[in-house]
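Q: Just the structure for this:
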Amino acid sequence: MPEILRAVAITAENLEMAYGEQVVLDKASLTIHDGDRIGLVGDNGCGKSTFMKILAAIETPNQGEITRRKGLKTGYLPQEFVLNENSSVHDNIMDSAKFITDLLAEYESLPHDSGKSHHLENEITQLGGWNLDCEIDTIMTKLKCPEKETIISQLSGGEKRRVALAKALISKPELLILDEPTNHLDTESIDWLEEYMQNYRGACIFVTHDRYFLDRVTNKIVELNRGVFQSYKGNYSNYLKEKAERADREELVENKRQSFLRKELEWVRRSPKARTTKAQYRVDRYHDVAAQTALEKTQDVELIIPPAARMGNRVVDLDDIGVSFENRTLFEHLSLEIQPASRIGIIGSNGVGKTTLLKTILGINQPTSGTVEISSNTKFNYIDQERLVLNNENTVLEEIGEGSSHIIIGTEQISIWGYLKRFLFADERIGIRVGQLSGGERARLLLAKILKRGGNFIVLDEPTNDLDLSTLRVLENALLNFAGCVLLVSHDRYFLNRICTGIIAFEKNGDIKYHVGNYDHYMSQQAKCFTEKTKETQIKREKNSIPNPIPSPNSSTPRKLKWKEQRELDEMEENIMKLESKIEELHSWFSSPFFFKESPQKIKDVQVELDESEIRLNQLYLRWDELESIKNGTLKD
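A: Reported below is the predicted structural model:
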């Protein structure tokens, strides 16, 4: 089937961009079509954010050309966004919809018989302008933005970012450019954003570390590597598969090239005396192949977590702890004995008290009720959410060395330079100021600085923010191989799934509970609980509506089937078979290993459908028995 041609929204041709000696774009070209949902991936510092700024017309490339469709409307969420600090949340969001409100104002100012009215009415309808206030309310609610009238200067960094995302979405652009849109969103908001982007009519390009988001939203992955783009059709999983296959092919070609060079080198060294045309051609061919660029293998960060010191049988004991703040109870009645080698994830909506719980376990905050007992053998290493521990005036080397040229990792002494190389800092980047680093490089540097402290209990608050995907994979592997305890707050579902042996969940009803297993197991338990509660509710609801097949004790005359009842009985078997097939299909989908990677809302919808179908099947069997009893004369009036 031929591919449908879609209109071009924007084209980048032969872009070149460098910062000093660092080249981030090297004759890079990319075309974005209507309907594209592109995930832009690449190592930290490779130039992803720079390219996004060029697309948004914030920066101009050194060379190359950007061609935009005439009148193309663009929405942009940068990593470092700007809001009007003195205005309210609502006013900031409304600023991005000014062109819609201008159209509404113009429409209302026209006389009723104006020929322009019809044109404006269609344009406003296409933009959803008639329901603008309602849509703003919906987006603010789903992203859990602060109250409308709150002044921006009063908000936290995470709250400001949610407002900036709402502002980008409500502008209804034809090209939406999002740099880390899932940062500071809880799981529920990310699920909603996934569904929103799946149904988005315009083109979209985004950078995110959320691998589930990339899998569910993208129809194309574009990798920025060594200054050029490489496109892959499909989602993130397909990209990983195709990239691995491409790497295998390239390695095979490189092996053949090296084999050819070895053979030809022997021939060239023999210096054949007869320089015939054929011999000279062979020499020339050797030099041409030798001049080709050798295959460069991708380097990975080698995260070093110092070996954990021996832990006792008891690490941390939480006994009925609770925390209240300004007459508000964040959580209560949490009891848990954290075992050696546990890896526990803390999940829940923003503002419920996850970071407060971390600090309570660390002993930074005291619980309002209950006690926290920390073993004398427990040595915490805390990676905080704010990431305010880097000195911008230091060089990268100075920031890690802190006056020393070597560090001790377990029993091994290594140089600071060598330590930084393992975190993928090139020689030329080790000597620059911390303030000149990209967001991703700063995140890597922070990890390098904090992990060298050691400790046998690592505590991380949103560790995946600003890390590229390759660094995330290596961090996951390092934590999986760490012999001590890990406690982390994260909304990254993929990360939680790989790392955790237990989940502390702040649930919607205000409870806080501990569940054994990873994130998927927790979701399956929640789904099972939801199913049981739904079934109980449905049974209670339907109990009184099920026809009573028991005849009246005063009745003695058998009655016959009415015409409608006979028709109902004739169709009963077919209806039951259809419903049983549907239930079997739902059970099959429900047992699929991929089912619980779906959004919570979709899981709930399927569960409700399954419960309702099973209740309906039970009703059909009861009704079938009743009709057969009437037909056989065993049910009397």
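Q: what helix or strand does residue 320 sit in?
A: Assessed by DSSP states H and E, residue 320 sits inside strand 316-325.
Q: ok, and for that strand, which residues are buried?
A: Neighbour counts using 16 or more other CB atoms under 10 Å place 316, 318, 321, 322, 323 of strand 316-325 among the buried residues. To be clear about C-beta, it is placed using only N, CA and C from the backbone, and glycine gets the same treatment.
Q: wait, isn't residue 381 in contact with residue 449?
A: No - with contacts counted by CB atoms under 8 Å, residue 381 stays clear of residue 449, the gap being 11.0 Å.
Q: thinking again about what came up before, nearest to residue 73 among the buried residues of strand 316-325?
A: Using CB to CB, residue 323 comes nearest to residue 73 of the buried residues of strand 316-325, at 46.1 Å.
Q: Tell me which residue lies nearest the centroid of the protein.
A: residue 210 (2.6 Å; CA atoms, centre = their mean).
Q: any idea how far residue 188 is from that residue?
A: As judged by CB to CB, to the nearest Å, residue 210 and residue 188 stand 14 Å apart.
Q: Same check on residue 484?
A: Distance, residue 484 to residue 188, using CB to CB: 31 Å.
Q: what do you get for residue 79?
A: In terms of CB to CB, residue 79 sits 23 Å off from residue 188.
Q: Residue 608 now?
A: For residue 608, the distance to residue 188 - CB to CB - is 18 Å.
Q: Next: residue 362.
A: 27 Å.
Q: Residue 380 too?
A: To residue 188, residue 380 is 30 Å away according to CB to CB.
Q: what's the answer for residue 430, then?
A: 41 Å.
Q: quick one: which of those two has more around it?
A: residue 188 (19 against 16; other CB atoms under 10 Å).
Q: Skipping adjacent residues, who's closest to that one in space?
A: residue 349 (6.4 Å; CB to CB, 6 or more residues apart in numbering).
Q: Can you get me a residue count around residue 608?
A: Counted with other CB under 10 Å, residues neighbouring residue 608 total 14.
Q: Quick one: low-confidence residue ranges for the stretch 1-150 of the chain.
A: Residues of the stretch 1-150 of the chain that meet the criterion pLDDT under 70 lie in 1-5.
Q: Okay, buried residues for stretch 476-496 please.
A: The neighbour-count check on stretch 476-496 (16+ other CB under 10 Å) flags 476, 478-479, 482, 484-496 as buried.
Q: So for that stretch, mean pLDDT?
A: For stretch 476-496, the mean per-residue pLDDT is 89.
Q: again, but for stretch 263-276
A: Averaged across stretch 263-276, pLDDT comes to 62.
Q: so how far is the helix or strand residue 204 falls within from its chain's centroid?
A: Using DSSP H and E, residue 204 sits in strand 203-207. Its chain's C-alpha centre lies 14 Å from the corresponding centre of strand 203-207 when counted by CA atoms, centre = their mean, to the nearest Å.
Q: tell me what it is packed against?
A: strand 22-33, strand 37-41, helix 48-55, strand 175-179 (3 or more CB pairs under 8 Å, 6 or more residues apart in numbering; DSSP states H and E).
Q: Summarise which helices and strands the second one is packed against.
A: Looking back up the chat, that one is strand 37-41. helix 48-55, strand 203-207, helix 211-217, strand 220-225, helix 236-269.
Q: Reformat those as TSV; add distance to residue 285 and mean neighbour count.
A: Compiled in TSV, those are given as follows (distance: least, CB to CB, whole Å; neighbours: other CB atoms under 10 Å):
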stretch	distance to residue 285	mean neighbour count
helix 48-55	38	22
strand 203-207	42	24
helix 211-217	43	22
strand 220-225	29	20
helix 236-269	8	13
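Q: As TSV, the ones you listed with distance to residue 119 would be great.
A: Formatted as TSV, the helices and strands packed on strand 37-41 follow (distance: least, CB to CB, whole Å):
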stretch	distance to residue 119
helix 48-55	30
strand 203-207	25
helix 211-217	34
strand 220-225	34
helix 236-269	42
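Q: closest to residue 511 out of these?
A: From these, taking CB to CB, the stretch that ends up closest is helix 211-217, at 25.2 Å.
Q: what's the closest one in contact with?
A: 37, 39, 41, 182, 190, 193-194, 197-198, 208, 221, 235-237, 469, 472, 492-494, 597 (CB atoms under 8 Å, 6 or more residues apart in numbering).
Q: Tell me the buried residues within those.
A: Buried members of the contacts of helix 211-217, scored by 16+ other CB under 10 Å, are 37, 39, 41, 182, 190, 193-194, 197, 208, 221, 235-236, 469, 472, 492-494, 597.
Q: Over stretch 517-532, what's the mean pLDDT, rounded is fine.
A: Mean pLDDT, computed over stretch 517-532, is 79.
Q: Give me the buried stretch members for it, please.
A: Neighbour-count burial for stretch 517-532 [16+ other CB under 10 Å]: 518, 519, 520, 521, 522, 523, 525, 526, 527, 530, 531.
Q: Export it to CSV, keeping only CA atoms.
A: Presented in CSV, the C-alpha positions along stretch 517-532 are these (Å, rounded to 0.1, in the frame of the first residue of the first chain):
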residue,chain,number,x,y,z
GLY,A,517,7.2,-6.0,43.4
ASN,A,518,7.9,-3.5,40.6
TYR,A,519,5.6,-0.9,39.1
ASP,A,520,3.8,-3.3,36.7
HIS,A,521,3.0,-5.6,39.6
TYR,A,522,1.7,-2.8,41.6
MET,A,523,-0.6,-1.7,38.7
SER,A,524,-1.8,-5.3,38.3
GLN,A,525,-2.7,-5.5,42.0
GLN,A,526,-4.5,-2.1,41.7
ALA,A,527,-6.4,-3.4,38.7
LYS,A,528,-7.4,-6.6,40.5
CYS,A,529,-8.6,-4.6,43.5
PHE,A,530,-10.5,-2.3,41.3
THR,A,531,-12.1,-5.3,39.5
GLU,A,532,-13.2,-6.8,42.7
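Q: Could you pull out the strands in the stretch 401-550 of the chain for me?
A: Secondary structure of the stretch 401-550 of the chain (DSSP state E, counting those that start in this stretch): strands located at 406-409, 412-415, 457-461, 485-489, 502-506, 512-516.
Q: ok so, going back, by contact count, what packs against the strand holding residue 320?
A: Looks like strand 316-325 contacts strand 328-338, helix 354-362, strand 369-374 (3+ CB pairs under 8 Å, 6+ apart).
Q: Quickly compare those and say which is most buried.
A: Ranked by mean neighbour count under mean count of other CB atoms under 10 Å, the helices and strands packed on strand 316-325 are led by helix 354-362, which reaches a mean of 21.
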